[in-house]
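Undergrad: Everything below, folded, please.
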Amino acid sequence: MEEKSNIQKLQDFARKTGREIHYTEEQYPLPSYRKIPKFKRTVYIPYDESHEMYFVLFGDPYYKITEYTVFCGIYFKTNMPKASILNFKRKDILDKLNPFLSKKTIKSGSRFFDSKIVTAGNDGAIVNRYFKHSVLQRLMIESLDSKYFLNFSINETNVDFVPDLAGSSHFALVNPQEWVLEERTIESWFQKMKQIHDIFVKKDVV
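TA: Next comes the predicted model:
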């Protein structure tokens, strides 16, 4: 039996969970010297009928050199400035041994959060304004404690192919290295981001 494609697996997930799925798949011209075709693929699956949150997947081997060529994650729109670009990642042993790290990162003011998470970007005011909430910090730390390489991200990826996100600032839990297709994992990401989204609603950020 032929193995299902990634798109087919995502269609199965959407069907099982009663969700919509929207996708595109474009094959690049196949030169005579290459036998394996290359594709540009985009997928988005709304969390529910409110269309406030999405599982988004993107893959394009010929995308801009400075941009992620493949990623997936849970996204929702915010009213933060679109020019604000921030990244939150779990602090690893190399970060802890790097004596120059403190000069390059943004501090939240929470000793516990800053001991677990490396925050980088161009807008420390956003961090100080929105990311001092203790429950939010706990949820972010828990979400990044994963076998996958995950980041929280503000406006680092172009997801304008999702109509409700096009041209808007967004907050996301992202795997910037691969597509994740495990149904239980996707659902757990949705639930974590739903809790975070609810906090942002109370803070009038979305």
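Undergrad: Show me what the most centrally placed residue in the chain is bridged to.
TA: The residue lying closest to the centre of the chain (CA atoms, centre = their mean) is Val174, at 2.4 Å. Taking DSSP bridges as the rule, Val174 bridges to Gly73, Asn151.
Undergrad: what residue of this protein is the furthest out?
TA: Ser32 (36.2 Å).
Undergrad: That residue: what secondary structure?
TA: Following DSSP: H, G, I helix; E, B strand; the rest coil, the label given to Ser32 is coil.
Undergrad: mind listing what's buried in stretch 52-62?
TA: Judged by neighbour count (16 or more other CB atoms under 10 Å), stretch 52-62 contains these buried residues: 53-60. All C-beta atoms are positioned from the backbone trio N, CA, C, and that covers glycine.
Undergrad: Could you single out the nearest of the residues you listed to Lys116?
TA: Met53 (24.4 Å; CB to CB).
Undergrad: quick one: contacts for that closest one?
TA: Listed by CB atoms under 8 Å, 6 or more residues apart in numbering, the contact partners of Met53 are 46-47, 74-76, 190, 193-194, 197.
Undergrad: okay, Asn6: pLDDT?
TA: pLDDT recorded at Asn6 is 95.
Undergrad: close enough to count as contact, it and Trp179?
TA: Yes - with contact defined as CB atoms under 8 Å, Asn6 and Trp179 form a contacting pair (5.9 Å).
Undergrad: how close does Ser32 get to Ile93?
TA: Separation of Ser32 from Ile93 (CB to CB, to the nearest Å): 47 Å.
Undergrad: tell me the helices in the protein, going along the chain?
TA: With DSSP state H as the criterion, the chain has helices at 6-17, 93-97, 101-104, 111-116, 124-130, 134-144, 183-202.
Undergrad: for the shortest one, what is the average pLDDT?
TA: Averaging pLDDT along helix 101-104 gives 57.
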